[in-house]
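Student: Dropping the sequence and predicted coords here.
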Amino acid sequence: MTTLTADIRLVGHPSQADVDCLRETLLDCHRRFGTYRRGFEVAGIGAEDLLASDPVELLGRLDTLNAEDYSLLADESLAVTDAIIDMETSSGTTARPKRRFISAHDASLEEEFLADMFAVCGIGPSDRVACLDVDPLAVMASFTAALESLGVRETYAYTFSPSLGGSLAGLSPLDPTVLISVPSIIERCLPVLTSEFAKGRGGHLSKVVYVGESLSAKTRRTLETKLGVEVFGYYGATETSALGIECAAHDGIHLFSDRNLFEVQSRGEGATGELLVTSLRLRSMPLLRYALGDVIEPKPGPCECGLDYPRIEVLGRSDESVSVLGASIGYEALYDAVYDVPGESMQLVVTGEARDLLTIVLPEELEPSDSSVRDAVLAGQPDLEFLVTGGYVDFEFSYTYGRESADSRKLKRVVDLRESHVG
Ligand SMILES: [Zn+2]
């Protein structure tokens, strides 16, 4: 690890080819994006420096890219990029949904990259792969394209419906060997998976790849012991596309450092910190030092599997957000939909039984405006609206803020009581 500044360090060691890609990206960002040109100016970096100086050192002089800059960059990307063929969105953790525009060039790079990652999990020509999601047209569509290019025997995007029995009954005759899904869906399907899909029950499921949120240790153990499958974590985000995947040694996530350059911005002592992502290949919306909001810990030493890519453990979010069926719901965005001014009382509580329940807890005096508050919140949160209207999650308001606490200032803003998220 190389020290760049007091609190930001590179994760891994970029090769000469990676450094060359970084120079190309910096030049491209300077040439096409006003948002970045302003950043270079502030750091005292001119076009001639980008050609002559060490690109890693130059990158180290730039400010990190936050959610607000990201939004400006998206507007600019739409204006300066030719041949945009796709857009990914998520509700995001701030008030505006995050948008990433994707050109044909980037889409084909992405497909090749995903195929490389799935090969690391040992997925190959003999596999039948089921991608299971509430909205399979989102990230899963790029997965199935990549799996086809990898030459798997069959691949299907399968919609998980809220009526549990029906949704997996259709999947069973397809007899998948690999299941790709989000942890909250995997958890809901566990009883059916163990009774119908396990090898001992006539099924051939041998691998589960989880995406979008963290998997509890308990669920991983159940999958490994009761279902007898190998579990792999996929790591990516709407804003960055794919980032890395767990290998067969199961000792952390390998970050593909020839696709993105990674840094960790530590907070205080230790190696733990927030991950910063810099694009090396993508051109429609290149990122320079984007602070993704994930807290990670780099893992020391080489991996048993022989891959050179650095490994990390993803520890959680640095902001106040919760993940529901893979969709990130942020406290700040909900707050901004409810109130126009800062400093008011609000708490977000998530509980889960058969379905997840999101409760926004507000002071009693807001109760008369119930329906308008509800409309405002859902209007600003397309992912949440989709999950609520589709019957995947329950959503309610409770006008009991502070009623059970002597000092409401001490109430936590986000409380996640779902079993998978508390240990
Ligand atoms: Zn490995």
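Tutor: Arrived safely, thanks for sending. Residues are numbered from 1 along each chain as shown.

Student: Tell me which residues touch Leu348, please.
Tutor: 320, 322, 329, 331, 334, 358-361, 413-415 (Cβ atoms under 8 Å, 6 or more residues apart in numbering). For the C-beta atoms, the positions are set from N, CA and C on the backbone; glycine is no exception.

Student: which among those residues end up buried?
Tutor: Listed as buried from those are 322, 329, 331, 334, 358-361, 414; burial here means 16 or more other Cβ atoms under 10 Å.

Student: just curious, which of the residues you listed is nearest to the ion?
Tutor: Closest approach to the ion among the buried ones among the contacts of Leu348 (Cβ to the ion): Val322, at 29.9 Å.

Student: Which helix or strand contains the closest one?
Tutor: Assigned by DSSP states H and E, Val322 belongs to strand 321-324.

Student: Would you mind pulling up the elements that that strand packs against?
Tutor: With contacts defined as 3 or more Cβ pairs under 8 Å, 6 or more residues apart in numbering; DSSP states H and E, the secondary structure elements packing on strand 321-324 are strand 327-330, strand 347-352, strand 356-361, strand 414-416.

Student: and the ones you listed as TSV, adding mean pLDDT?
Tutor: Compiled in TSV, the helices and strands packed on strand 321-324 are given as follows (pLDDT from 0 to 100):
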stretch	mean pLDDT
strand 327-330	80
strand 347-352	88
strand 356-361	91
strand 414-416	87
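
Student: Make CSV out of these and add distance to the ion.
Tutor: Conversion of those to CSV gives the following (distance: least, Cβ to the ion, whole Å):
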stretch, distance to the ion
strand 327-330, 27
strand 347-352, 32
strand 356-361, 33
strand 414-416, 30
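
Student: got those strands as TSV, with distance to Thr272 columns?
Tutor: Converted to TSV, the helices and strands packed on strand 321-324 look like this (distance: least, Cβ to Cβ, whole Å):
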stretch	distance to Thr272
strand 327-330	21
strand 347-352	25
strand 356-361	28
strand 414-416	20
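
Student: Can you say which of these is nearest to Asp133?
Tutor: If you check each of those against Asp133 by Cβ to Cβ, strand 327-330 wins as the nearest, at 10.7 Å.

Student: what inclination does the helix or strand just after that closest one have with respect to strand 356-361?
Tutor: Along the chain past strand 327-330, the next helix or strand (assigned with DSSP H and E) turns out to be helix 331-338. Regarding helix 331-338 and strand 356-361, their directions subtend 60 degrees when assessed with axes from the mean of the first three to the mean of the last three Cα atoms, to 10 degrees.

Student: Give me the helices and strands touching helix 331-338, please.
Tutor: helix 370-379.

Student: now the helix it packs on against strand 356-361, angle please.
Tutor: Angle between the axes of helix 370-379 and strand 356-361 is 130 degrees (criterion: the same axes, to 10 degrees).

Student: helices or strands up against helix 370-379?
Tutor: Right, helix 370-379 is packed against helix 331-338, helix 382-389, strand 394-398 by 3+ Cβ pairs under 8 Å, 6+ apart.

Student: buried stuff in it?
Tutor: So, applying 16+ other Cβ under 10 Å, buried residues of helix 370-379: 373-374, 376-378.

Student: Save those as a markdown table, and put in pLDDT too.
Tutor: Compiled in a markdown table, the buried residues of helix 370-379 are given as follows (pLDDT from 0 to 100):
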| residue | pLDDT |
| --- | --- |
| Val373 | 86 |
| Arg374 | 88 |
| Ala376 | 87 |
| Val377 | 88 |
| Leu378 | 88 |
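
Student: of all these, which two lie farthest apart?
Tutor: Between all members of those, the longest pairwise span (Cβ to Cβ) is found for Val373 and Leu378 and amounts to 9.8 Å.

Student: returning to that earlier point: worst average pLDDT in the helices and strands packed on helix 370-379?
Tutor: Least confident of these, judged by mean pLDDT, is helix 382-389 with a mean of 84.

Student: how about that one: buried residues?
Tutor: Taking 16+ other Cβ under 10 Å as the basis for neighbour counts, the residues of helix 382-389 that come out buried are 383-384, 386-388.

Student: orientation of that helix relative to helix 331-338 in degrees?
Tutor: Per the same axes, to 10 degrees, the angle that helix 382-389 makes with helix 331-338 is 80 degrees.

Student: Pull up the distance across stretch 232-250, start to finish.
Tutor: One end of stretch 232-250 sits 7 Å from the other (Cα to Cα, to the nearest Å).

Student: for that stretch, the distance to its chain's centre please.
Tutor: 9 Å (Cα atoms, centre = their mean, to the nearest Å).

Student: what is the rounded mean pLDDT of it?
Tutor: Here the mean pLDDT over stretch 232-250 is 93, rounded to a whole number.

Student: now check that stretch, is it near the ion?
Tutor: Yes: applying Cβ under 5 Å from the ion, one finds stretch 232-250 touching the ion at 247, 249.

Student: next one: phi and psi at Leu212?
Tutor: Slight slip there: residue 212 is Gly, not Leu. Torsion angles at Gly212 (phi, psi; degrees, to the nearest 10) stand at phi 90, psi -30.

Student: got the contact list for the closest residue to it other than its chain neighbours?
Tutor: The shortest distance from Gly212 to any non-neighbouring residue, by Cβ to Cβ, 6 or more residues apart in numbering, is to Gly326 (3.2 Å). The neighbourhood of Gly326, defined by Cβ under 8 Å, 6+ apart, consists of 133-134, 182, 184, 211-213.

Student: Cool, thanks, talk later.
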